[in-house]
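# Generate a structure from the sequence data that follows.
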Amino acid sequence: MNQYGFLKIALKFYDLGWQLLIPVLRISSRLRQSFEARKLLVPLPGAGLWIQAASGGEAYLACSLIRKLSPARPLRILVTTNTRQGMDILEKARADICAGSSGITLLLGWCPFDRPEIMKKAVGQVNPGLVVLLETEIWPGLLYALKIRKRPAWIINGRITPKSLFFYQICRRLLQKVRPEKILAVSEEDSARFAGLFGKDIVSMMPNMKFDSLPTEKDGDQKSALAELIDSKAKFIILGSVRRQEENKVKNIIKHVHSHYPDAIIGLFPRHMHRINHWKHELAAMEGSWQLRSKLGSAAKTGTIILWDKFGELSHAYQRADAVFVGGSLAPLGGQNFLEPVVQGCRPVIGPYWENFLWVGKEIFSRGLVLRENNWQAAARQLLNQLENTAEKENMRTKANRYIAARRGGTKKACHMIEEYLMHQGRQRRSYGQSRIA
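Numbers count the residues shown, from 1 in each chain. The predicted model follows:
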(Lines give C-alpha, C1' and ligand atoms only; values in the text may rest on other atoms or scores of the structure.)
Protein backbone atom coordinates (compact mmCIF):
# COMPACT_ATOMS: atom_id res chain seq x y z
CA MET A 1 0.00 0.00 0.00
CA ASN A 2 1.44 3.43 -0.91
CA GLN A 3 1.66 6.27 1.60
CA TYR A 4 -1.35 8.10 0.23
CA GLY A 5 -3.46 4.96 0.42
CA PHE A 6 -2.47 4.32 4.04
CA LEU A 7 -3.23 7.91 5.05
CA LYS A 8 -6.63 7.83 3.37
CA ILE A 9 -7.64 4.55 5.07
CA ALA A 10 -6.27 5.59 8.50
CA LEU A 11 -8.15 8.89 8.41
CA LYS A 12 -11.32 7.13 7.29
CA PHE A 13 -11.23 4.90 10.39
CA TYR A 14 -10.32 7.90 12.57
CA ASP A 15 -13.28 9.84 11.15
CA LEU A 16 -15.58 6.87 11.75
CA GLY A 17 -14.44 6.72 15.35
CA TRP A 18 -15.41 10.36 15.86
CA GLN A 19 -18.77 9.81 14.19
CA LEU A 20 -19.53 7.15 16.79
CA LEU A 21 -18.08 9.14 19.69
CA ILE A 22 -19.69 12.55 19.16
CA PRO A 23 -23.28 11.46 20.00
CA VAL A 24 -21.98 9.87 23.21
CA LEU A 25 -20.14 13.08 24.16
CA ARG A 26 -23.43 14.98 24.07
CA ILE A 27 -24.37 13.54 27.47
CA SER A 28 -21.26 15.01 29.13
CA SER A 29 -22.19 17.89 31.43
CA ARG A 30 -18.77 19.47 30.79
CA LEU A 31 -19.40 19.57 27.02
CA ARG A 32 -23.08 20.48 27.04
CA GLN A 33 -22.60 24.24 26.90
CA SER A 34 -20.09 24.12 24.04
CA PHE A 35 -21.36 21.06 22.17
CA GLU A 36 -22.91 22.87 19.21
CA ALA A 37 -19.86 25.10 18.82
CA ARG A 38 -17.56 22.08 18.77
CA LYS A 39 -19.57 20.67 15.88
CA LEU A 40 -19.07 24.04 14.12
CA LEU A 41 -22.76 24.85 14.12
CA VAL A 42 -21.37 28.13 15.43
CA PRO A 43 -18.68 29.13 12.89
CA LEU A 44 -15.20 30.17 13.93
CA PRO A 45 -13.96 33.66 12.97
CA GLY A 46 -11.15 34.29 10.53
CA ALA A 47 -7.71 34.99 12.04
CA GLY A 48 -4.10 35.27 10.97
CA LEU A 49 -2.87 33.33 14.01
CA TRP A 50 -4.73 30.43 15.65
CA ILE A 51 -3.57 29.32 19.10
CA GLN A 52 -4.95 26.13 20.66
CA ALA A 53 -4.81 26.12 24.48
CA ALA A 54 -6.26 22.90 25.89
CA SER A 55 -7.20 23.99 29.40
CA GLY A 56 -6.45 26.47 32.17
CA GLY A 57 -2.66 26.14 32.26
CA GLU A 58 -2.33 26.50 28.51
CA ALA A 59 -4.79 29.42 28.52
CA TYR A 60 -2.49 31.30 30.91
CA LEU A 61 0.43 30.58 28.58
CA ALA A 62 -1.57 31.81 25.59
CA CYS A 63 -2.34 35.08 27.38
CA SER A 64 1.32 35.55 28.34
CA LEU A 65 2.37 34.90 24.76
CA ILE A 66 -0.16 37.32 23.25
CA ARG A 67 0.70 40.09 25.73
CA LYS A 68 4.32 40.01 24.56
CA LEU A 69 3.60 39.81 20.85
CA SER A 70 4.40 42.92 18.81
CA PRO A 71 3.24 42.15 15.27
CA ALA A 72 4.44 44.43 12.47
CA ARG A 73 0.86 44.77 11.19
CA PRO A 74 -2.60 44.53 12.83
CA LEU A 75 -3.23 40.90 13.72
CA ARG A 76 -6.37 38.92 14.47
CA ILE A 77 -5.64 36.07 16.89
CA LEU A 78 -8.07 33.24 17.56
CA VAL A 79 -7.52 31.25 20.77
CA THR A 80 -9.51 28.05 21.16
CA THR A 81 -9.78 25.91 24.28
CA ASN A 82 -11.38 22.66 25.41
CA THR A 83 -12.53 23.55 28.93
CA ARG A 84 -14.73 26.04 30.74
CA GLN A 85 -11.78 26.93 32.97
CA GLY A 86 -9.68 27.78 29.93
CA MET A 87 -12.47 29.92 28.45
CA ASP A 88 -12.98 31.80 31.73
CA ILE A 89 -9.27 32.69 31.85
CA LEU A 90 -9.28 33.86 28.24
CA GLU A 91 -12.47 35.90 28.61
CA LYS A 92 -11.09 37.63 31.68
CA ALA A 93 -7.85 38.54 29.87
CA ARG A 94 -9.39 39.62 26.56
CA ALA A 95 -10.40 43.16 27.52
CA ASP A 96 -6.97 43.89 28.96
CA ILE A 97 -5.15 42.51 25.91
CA CYS A 98 -7.33 44.29 23.36
CA ALA A 99 -7.05 47.57 25.28
CA GLY A 100 -3.32 47.72 24.50
CA SER A 101 -1.85 49.48 21.47
CA SER A 102 -0.31 46.36 19.92
CA GLY A 103 -2.80 46.16 17.06
CA ILE A 104 -4.03 42.76 18.24
CA THR A 105 -7.66 41.70 18.04
CA LEU A 106 -8.27 38.70 20.31
CA LEU A 107 -11.03 36.29 19.32
CA LEU A 108 -12.14 33.26 21.35
CA GLY A 109 -13.74 29.96 20.44
CA TRP A 110 -14.19 26.35 21.48
CA CYS A 111 -11.85 23.82 19.92
CA PRO A 112 -13.87 21.77 17.41
CA PHE A 113 -14.15 18.02 17.67
CA ASP A 114 -11.19 16.50 15.84
CA ARG A 115 -13.27 14.65 13.28
CA PRO A 116 -11.37 15.29 10.00
CA GLU A 117 -14.47 16.57 8.18
CA ILE A 118 -15.15 19.07 10.97
CA MET A 119 -11.53 20.20 11.16
CA LYS A 120 -11.32 20.75 7.39
CA LYS A 121 -14.29 23.08 7.72
CA ALA A 122 -12.74 24.79 10.76
CA VAL A 123 -9.44 25.47 9.00
CA GLY A 124 -11.36 26.83 6.04
CA GLN A 125 -13.30 29.21 8.30
CA VAL A 126 -10.29 30.50 10.21
CA ASN A 127 -7.85 30.39 7.28
CA PRO A 128 -4.86 30.99 9.59
CA GLY A 129 -1.38 31.94 8.46
CA LEU A 130 0.01 29.92 11.37
CA VAL A 131 -1.39 27.56 14.02
CA VAL A 132 0.33 27.36 17.42
CA LEU A 133 -0.40 24.30 19.56
CA LEU A 134 0.63 24.79 23.19
CA GLU A 135 2.39 22.00 25.09
CA THR A 136 0.85 18.63 24.06
CA GLU A 137 -1.83 19.30 21.46
CA ILE A 138 -1.52 16.56 18.86
CA TRP A 139 -4.78 16.24 16.92
CA PRO A 140 -4.57 14.18 13.69
CA GLY A 141 -7.75 15.71 12.24
CA LEU A 142 -6.51 19.27 12.70
CA LEU A 143 -3.00 18.49 11.47
CA TYR A 144 -4.39 16.77 8.36
CA ALA A 145 -6.70 19.70 7.60
CA LEU A 146 -3.75 22.08 7.86
CA LYS A 147 -1.68 19.90 5.53
CA ILE A 148 -4.42 20.01 2.90
CA ARG A 149 -4.53 23.83 2.98
CA LYS A 150 -0.73 24.08 3.33
CA ARG A 151 -0.92 25.94 6.64
CA PRO A 152 1.92 25.33 9.14
CA ALA A 153 1.41 24.03 12.67
CA TRP A 154 3.95 24.62 15.44
CA ILE A 155 4.02 22.94 18.84
CA ILE A 156 5.38 25.54 21.26
CA ASN A 157 6.43 24.92 24.87
CA GLY A 158 6.19 21.29 23.88
CA ARG A 159 6.23 18.57 26.48
CA ILE A 160 5.12 14.96 26.31
CA THR A 161 5.07 12.44 29.15
CA PRO A 162 6.15 8.81 28.73
CA LYS A 163 2.54 7.78 29.32
CA SER A 164 1.25 10.07 26.57
CA LEU A 165 4.03 8.96 24.25
CA PHE A 166 2.97 5.32 24.69
CA PHE A 167 -0.52 6.05 23.38
CA TYR A 168 0.70 8.31 20.57
CA GLN A 169 3.06 5.55 19.42
CA ILE A 170 0.02 3.41 18.63
CA CYS A 171 -0.83 5.73 15.73
CA ARG A 172 2.77 6.82 15.06
CA ARG A 173 2.62 6.08 11.34
CA LEU A 174 -0.45 8.27 10.89
CA LEU A 175 1.01 11.10 12.97
CA GLN A 176 4.22 11.10 10.94
CA LYS A 177 2.16 11.72 7.78
CA VAL A 178 0.52 14.81 9.28
CA ARG A 179 3.32 15.96 11.56
CA PRO A 180 3.68 19.65 12.49
CA GLU A 181 6.31 21.77 10.77
CA LYS A 182 8.09 22.77 13.97
CA ILE A 183 8.29 21.58 17.59
CA LEU A 184 9.95 23.58 20.36
CA ALA A 185 10.36 21.27 23.37
CA VAL A 186 11.12 22.44 26.92
CA SER A 187 13.62 19.76 27.96
CA GLU A 188 16.04 17.24 26.51
CA GLU A 189 13.74 14.40 27.59
CA ASP A 190 10.73 15.98 25.87
CA SER A 191 12.84 16.72 22.79
CA ALA A 192 13.90 13.06 22.55
CA ARG A 193 10.29 11.85 22.87
CA PHE A 194 9.02 14.20 20.18
CA ALA A 195 11.95 13.23 17.95
CA GLY A 196 11.11 9.55 18.38
CA LEU A 197 7.50 10.24 17.39
CA PHE A 198 7.94 12.73 14.54
CA GLY A 199 11.63 12.78 13.61
CA LYS A 200 14.41 14.93 15.05
CA ASP A 201 14.64 17.27 12.03
CA ILE A 202 11.64 19.34 13.19
CA VAL A 203 12.47 19.39 16.93
CA SER A 204 14.45 22.06 18.76
CA MET A 205 14.45 23.35 22.33
CA MET A 206 13.28 26.46 24.17
CA PRO A 207 13.09 27.62 27.82
CA ASN A 208 9.76 26.76 29.40
CA MET A 209 7.40 29.73 29.20
CA LYS A 210 6.09 28.91 32.66
CA PHE A 211 9.27 30.28 34.19
CA ASP A 212 8.40 33.68 32.71
CA SER A 213 5.05 33.77 34.51
CA LEU A 214 6.46 33.04 37.98
CA PRO A 215 6.53 35.97 40.43
CA THR A 216 9.72 38.01 40.64
CA GLU A 217 11.57 38.80 43.85
CA LYS A 218 9.76 42.14 43.99
CA ASP A 219 6.40 40.40 43.65
CA GLY A 220 7.22 38.15 46.59
CA ASP A 221 7.90 41.02 48.96
CA GLN A 222 4.26 41.85 49.55
CA LYS A 223 3.00 41.57 53.10
CA SER A 224 0.92 38.49 53.73
CA ALA A 225 -2.79 39.22 53.73
CA LEU A 226 -3.24 36.48 56.35
CA ALA A 227 -0.80 37.88 58.92
CA GLU A 228 -3.61 38.77 61.32
CA LEU A 229 -4.93 35.19 61.29
CA ILE A 230 -1.66 33.44 62.20
CA ASP A 231 0.20 34.69 65.26
CA SER A 232 3.76 35.67 64.34
CA LYS A 233 5.12 33.55 67.21
CA ALA A 234 3.19 30.40 66.25
CA LYS A 235 4.69 27.63 64.15
CA PHE A 236 2.67 27.42 60.93
CA ILE A 237 2.70 24.40 58.60
CA ILE A 238 0.93 24.24 55.25
CA LEU A 239 -0.28 21.01 53.64
CA GLY A 240 -1.11 22.38 50.21
CA SER A 241 -3.00 21.04 47.17
CA VAL A 242 -3.82 17.72 48.85
CA ARG A 243 -5.45 15.21 46.48
CA ARG A 244 -8.02 12.53 47.31
CA GLN A 245 -5.70 9.59 46.60
CA GLU A 246 -3.21 10.70 49.26
CA GLU A 247 -5.62 11.82 51.99
CA ASN A 248 -4.89 8.93 54.37
CA LYS A 249 -1.14 9.60 54.15
CA VAL A 250 -1.67 13.31 54.77
CA LYS A 251 -3.83 12.46 57.76
CA ASN A 252 -0.89 10.47 59.13
CA ILE A 253 1.39 13.48 58.59
CA ILE A 254 -1.00 15.65 60.61
CA LYS A 255 -1.01 13.16 63.49
CA HIS A 256 2.77 12.78 63.41
CA VAL A 257 3.44 16.52 63.38
CA HIS A 258 0.98 17.26 66.18
CA SER A 259 2.39 14.46 68.32
CA HIS A 260 5.75 16.30 68.26
CA TYR A 261 4.52 19.89 67.95
CA PRO A 262 1.06 20.02 69.56
CA ASP A 263 1.04 23.85 69.45
CA ALA A 264 1.74 24.10 65.71
CA ILE A 265 -0.99 25.56 63.52
CA ILE A 266 -1.65 23.48 60.40
CA GLY A 267 -3.23 24.93 57.28
CA LEU A 268 -4.88 22.14 55.27
CA PHE A 269 -5.60 23.06 51.63
CA PRO A 270 -7.49 20.35 49.67
CA ARG A 271 -6.81 20.61 45.94
CA HIS A 272 -10.54 20.36 45.18
CA MET A 273 -13.25 22.06 47.23
CA HIS A 274 -15.61 19.09 46.96
CA ARG A 275 -13.28 17.26 49.40
CA ILE A 276 -14.00 19.75 52.20
CA ASN A 277 -16.91 17.68 53.57
CA HIS A 278 -14.73 14.57 53.63
CA TRP A 279 -12.07 16.42 55.64
CA LYS A 280 -14.69 17.76 58.05
CA HIS A 281 -15.55 14.18 59.03
CA GLU A 282 -11.90 13.13 59.18
CA LEU A 283 -10.84 16.05 61.38
CA ALA A 284 -13.86 15.64 63.65
CA ALA A 285 -12.76 12.06 64.32
CA MET A 286 -9.21 13.12 65.19
CA GLU A 287 -7.96 14.49 68.47
CA GLY A 288 -7.39 18.21 68.62
CA SER A 289 -9.23 21.31 67.47
CA TRP A 290 -9.98 22.33 63.91
CA GLN A 291 -11.80 25.19 62.23
CA LEU A 292 -12.95 26.21 58.77
CA ARG A 293 -11.02 29.12 57.29
CA SER A 294 -14.31 30.83 56.42
CA LYS A 295 -15.25 30.83 60.12
CA LEU A 296 -11.91 32.20 61.29
CA GLY A 297 -12.50 35.84 62.26
CA SER A 298 -9.41 36.39 64.41
CA ALA A 299 -6.02 34.82 65.09
CA ALA A 300 -6.16 31.03 65.24
CA LYS A 301 -5.36 29.36 68.55
CA THR A 302 -2.17 27.35 68.77
CA GLY A 303 -2.66 23.70 67.88
CA THR A 304 -5.54 24.42 65.51
CA ILE A 305 -5.95 22.70 62.16
CA ILE A 306 -7.41 25.23 59.72
CA LEU A 307 -9.38 23.57 56.94
CA TRP A 308 -9.11 26.03 54.06
CA ASP A 309 -12.45 26.40 52.30
CA LYS A 310 -11.66 29.70 50.55
CA PHE A 311 -10.06 30.06 47.11
CA GLY A 312 -7.11 32.25 46.26
CA GLU A 313 -5.26 32.38 49.58
CA LEU A 314 -2.68 29.62 49.24
CA SER A 315 0.02 31.92 47.84
CA HIS A 316 -0.48 34.40 50.69
CA ALA A 317 -0.36 31.55 53.20
CA TYR A 318 2.99 30.39 51.79
CA GLN A 319 4.46 33.78 52.66
CA ARG A 320 3.77 33.12 56.35
CA ALA A 321 4.57 29.38 56.46
CA ASP A 322 7.43 27.90 58.48
CA ALA A 323 7.15 24.51 56.73
CA VAL A 324 5.32 23.39 53.58
CA PHE A 325 4.22 20.10 52.07
CA VAL A 326 2.85 20.16 48.49
CA GLY A 327 0.44 17.39 47.57
CA GLY A 328 -0.34 15.39 44.49
CA SER A 329 3.04 13.80 45.19
CA LEU A 330 2.39 10.97 47.67
CA ALA A 331 0.30 9.09 45.08
CA PRO A 332 1.09 8.65 41.36
CA LEU A 333 -0.66 11.85 40.31
CA GLY A 334 2.27 13.78 38.86
CA GLY A 335 2.52 16.40 41.61
CA GLN A 336 1.13 19.87 42.17
CA ASN A 337 2.80 23.27 41.87
CA PHE A 338 5.75 23.35 44.28
CA LEU A 339 7.25 26.43 42.63
CA GLU A 340 4.67 28.71 44.21
CA PRO A 341 6.06 28.23 47.75
CA VAL A 342 9.64 28.27 46.42
CA VAL A 343 9.29 31.85 45.13
CA GLN A 344 7.88 32.83 48.52
CA GLY A 345 11.07 31.73 50.25
CA CYS A 346 9.86 28.32 51.44
CA ARG A 347 11.67 25.02 50.94
CA PRO A 348 8.70 22.73 50.20
CA VAL A 349 8.64 19.02 50.91
CA ILE A 350 7.10 16.76 48.27
CA GLY A 351 6.62 13.02 47.81
CA PRO A 352 8.22 10.85 45.11
CA TYR A 353 5.79 11.75 42.29
CA TRP A 354 6.46 14.98 40.40
CA GLU A 355 6.25 14.04 36.71
CA ASN A 356 4.04 17.03 35.88
CA PHE A 357 6.94 19.31 36.77
CA LEU A 358 9.89 17.55 35.16
CA TRP A 359 10.35 20.72 33.10
CA VAL A 360 11.56 22.49 36.25
CA GLY A 361 14.74 20.41 36.21
CA LYS A 362 16.26 18.02 38.76
CA GLU A 363 18.78 20.66 39.77
CA ILE A 364 16.11 22.25 41.94
CA PHE A 365 16.60 19.32 44.35
CA SER A 366 20.39 19.28 44.27
CA ARG A 367 20.35 22.98 45.11
CA GLY A 368 18.14 22.30 48.12
CA LEU A 369 15.27 24.49 46.93
CA VAL A 370 12.82 21.57 47.13
CA LEU A 371 13.03 18.46 49.32
CA ARG A 372 11.79 15.20 47.80
CA GLU A 373 10.98 12.21 50.02
CA ASN A 374 9.85 8.67 49.21
CA ASN A 375 6.99 8.30 51.71
CA TRP A 376 4.81 10.19 54.16
CA GLN A 377 6.98 9.25 57.15
CA ALA A 378 10.07 10.88 55.64
CA ALA A 379 8.02 13.88 54.52
CA ALA A 380 6.70 14.33 58.08
CA ARG A 381 10.23 14.17 59.50
CA GLN A 382 11.38 16.85 57.07
CA LEU A 383 8.52 19.11 58.11
CA LEU A 384 9.55 18.71 61.75
CA ASN A 385 13.17 19.46 60.85
CA GLN A 386 12.06 22.70 59.24
CA LEU A 387 10.09 23.70 62.31
CA GLU A 388 13.17 23.14 64.46
CA ASN A 389 15.54 24.90 62.04
CA THR A 390 13.60 27.76 60.51
CA ALA A 391 15.45 28.89 57.39
CA GLU A 392 15.89 32.56 56.54
CA LYS A 393 13.22 33.20 53.95
CA GLU A 394 14.95 36.11 52.24
CA ASN A 395 18.01 33.98 51.54
CA MET A 396 15.85 31.16 50.14
CA ARG A 397 13.85 33.59 48.04
CA THR A 398 17.03 35.02 46.54
CA LYS A 399 18.30 31.55 45.63
CA ALA A 400 14.93 30.65 44.11
CA ASN A 401 14.82 33.78 41.98
CA ARG A 402 18.33 33.15 40.67
CA TYR A 403 17.31 29.64 39.66
CA ILE A 404 14.19 30.91 37.89
CA ALA A 405 15.87 33.92 36.25
CA ALA A 406 18.45 31.67 34.60
CA ARG A 407 15.62 29.72 32.94
CA ARG A 408 13.47 32.56 31.65
CA GLY A 409 13.16 33.76 28.09
CA GLY A 410 10.91 31.14 26.50
CA THR A 411 8.04 33.56 25.86
CA LYS A 412 10.36 36.09 24.22
CA LYS A 413 11.86 33.42 21.97
CA ALA A 414 8.45 32.10 20.91
CA CYS A 415 7.15 35.61 20.19
CA HIS A 416 10.19 36.46 18.11
CA MET A 417 9.78 33.32 15.98
CA ILE A 418 6.06 33.94 15.46
CA GLU A 419 6.59 37.60 14.56
CA GLU A 420 9.38 36.73 12.12
CA TYR A 421 7.27 34.07 10.42
CA LEU A 422 4.17 36.25 10.08
CA MET A 423 6.23 39.18 8.80
CA HIS A 424 7.94 36.94 6.22
CA GLN A 425 4.57 35.52 5.22
CA GLY A 426 3.21 39.05 4.80
CA ARG A 427 6.11 40.04 2.56
CA GLN A 428 5.53 36.96 0.39
CA ARG A 429 1.85 37.79 -0.04
CA ARG A 430 2.60 41.42 -0.93
CA SER A 431 5.29 40.31 -3.37
CA TYR A 432 2.89 37.84 -5.00
CA GLY A 433 0.21 40.51 -5.27
CA GLN A 434 2.62 42.96 -6.93
CA SER A 435 3.80 40.35 -9.45
CA ARG A 436 0.17 39.61 -10.37
CA ILE A 437 -0.47 43.32 -10.98
CA ALA A 438 2.68 43.66 -13.09
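# how far away is the most centrally placed residue in the chain from R172?
By C-alpha atoms, centre = their mean, the mean C-alpha position of the chain lies nearest to G57, the distance being 3.0 Å. Distance, G57 to R172, by C-beta to C-beta, to the nearest Å: 26 Å. Every C-beta, even on glycine, is put in place using the N, C-alpha and C of the backbone.
# From the rest of the structure, what touches stretch 70-80?
With C-beta atoms under 8 Å, 6 or more residues apart in numbering as the test, stretch 70-80 has contacts from 44-53, 59, 62, 66, 69, 90, 102-112, 126, 128, 415, 419, 422-423, 426.
# again, but for stretch 32-40
22, 25-26, 31, 42, 84, 87, 109-113, 118, 121-122, 125.
# Check the average confidence over it, would you?
Average pLDDT, stretch 32-40: 93.
# Show me which residues of it are buried.
S34, F35, A37, R38, K39, L40 (16 or more other C-beta atoms under 10 Å).
# For this structure, give me the ranges with low pLDDT.
By pLDDT under 70, the weakly predicted segments of the chain are 1-4, 100-101, 216-225, 390-391, 426-438.
# Domains in it, by residue range?
Domain ranges of the chain: 3-212+410-437, 221-405, per automatic domain parsing.
# and stretch 70-82, how far apart are its ends?
27 Å (C-alpha to C-alpha, to the nearest Å).
# Would you mind listing the buried residues in it?
For stretch 70-82, the neighbour count (16+ other C-beta under 10 Å) marks P71, L75, R76, I77, L78, V79, T80, T81, N82 as buried.
# what are the ranges of the strands in the protein?
Along the chain, counting by DSSP state E, strands occupy 49-53, 75-81, 104-110, 130-134, 153-158, 182-185, 203-205, 236-242, 265-270, 290-292, 305-307, 323-326, 349-350, 371-372.
# now, of those strands, which is deepest in the fold?
strand 323-326 (a mean of 29; mean count of other C-beta atoms under 10 Å).
# Off-centre distance for that one?
21 Å (C-alpha atoms, centre = their mean, to the nearest Å).
# tell me which strands and helices that strand is in contact with?
The contact analysis (3 or more C-beta pairs under 8 Å, 6 or more residues apart in numbering; DSSP states H and E) places strand 323-326 against strand 236-242, strand 349-350, helix 376-388.
# List the contacts of the second one.
For strand 349-350, the external contacting residues (C-beta under 8 Å, 6+ apart) are 323-326, 329, 335, 338, 370-373, 379, 382-383, 386.
# Farthest-apart pair in these, please.
Maximum pairwise distance among those (C-beta to C-beta): 19.2 Å, between G335 and Q386.
# So T161 sits against F357, correct?
No - using C-beta atoms under 8 Å, T161 is not in contact with F357, being 11.3 Å away.
# any chance you could map the helices in the stretch 101-250 of the chain?
All helices of the stretch 101-250 of the chain, identified by DSSP state H, counting those that start in this stretch, fall at 116-126, 140-148, 162-170, 172-177, 188-198, 247-260.
# quick one: buried residues of the fifth one?
If you call a residue buried by 16+ other C-beta under 10 Å, then helix 188-198 has these buried ones: D190, S191, R193, F194, L197, F198.
# now N127, nearest residue through space, not along the chain?
Spatial nearest neighbour of N127, chain neighbours left out: G46 (5.5 Å); criterion: C-beta to C-beta, 6 or more residues apart in numbering.
# which residues touch that neighbour?
Residues near G46 by C-beta under 8 Å, 6+ apart: R76, Q125, V126, N127.
# Could you do T411 as well?
Neighbour list for T411: S64, L65, K68, M209, D212 [criterion: C-beta under 8 Å, 6+ apart].
# what about the second one, how many neighbours?
Which is L65. For L65, the tally of surrounding residues (other C-beta atoms under 10 Å) stands at 25.
# That one and L20: what is the separation?
Noted for L65: a distance of 36 Å to L20, by C-beta to C-beta.
# Check the fourth one too.
Distance from M209 to L20, counting by C-beta to C-beta: 37 Å.
# Counting neighbours, go ahead and name the busier of the two.
Neighbour count, other C-beta under 10 Å: between M209 and L20, M209 has more, with 28 against 8.
# The closest residue to F338 other than its chain neighbours pairs with what?
In space, and not counting its chain neighbours, F338 is closest to V326: 4.3 Å by C-beta to C-beta, 6+ apart. For V326, the beta-bridge partners are G240 (DSSP bridges).
# Tell me which residues touch V326, please.
By C-beta under 8 Å, 6+ apart, the residues touching V326 are G240, S241, G335, Q336, N337, F338, P341, P348, V349, I350.
# ok, now L387?
Contacts for L387 (C-beta under 8 Å, 6+ apart) come out as K235, I237, Y261, A264, D322, A323.
# The first one and L7, how far apart?
Right, K235. K235 is 63 Å from L7, by C-beta to C-beta.
# And the second one, by the same measure?
When C-beta to C-beta is applied, the distance between I237 and L7 equals 57 Å.
# rewinding a little: can I get the contacts of V326 in a markdown table including distance to Y403?
Converted to a markdown table, the contacts of V326 look like this (distance: C-beta to C-beta, whole Å):
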| residue | distance to Y403 |
| --- | --- |
| G240 | 20 |
| S241 | 21 |
| G335 | 17 |
| Q336 | 19 |
| N337 | 15 |
| F338 | 13 |
| P341 | 14 |
| P348 | 14 |
| V349 | 18 |
| I350 | 16 |
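# That'll do, ta.
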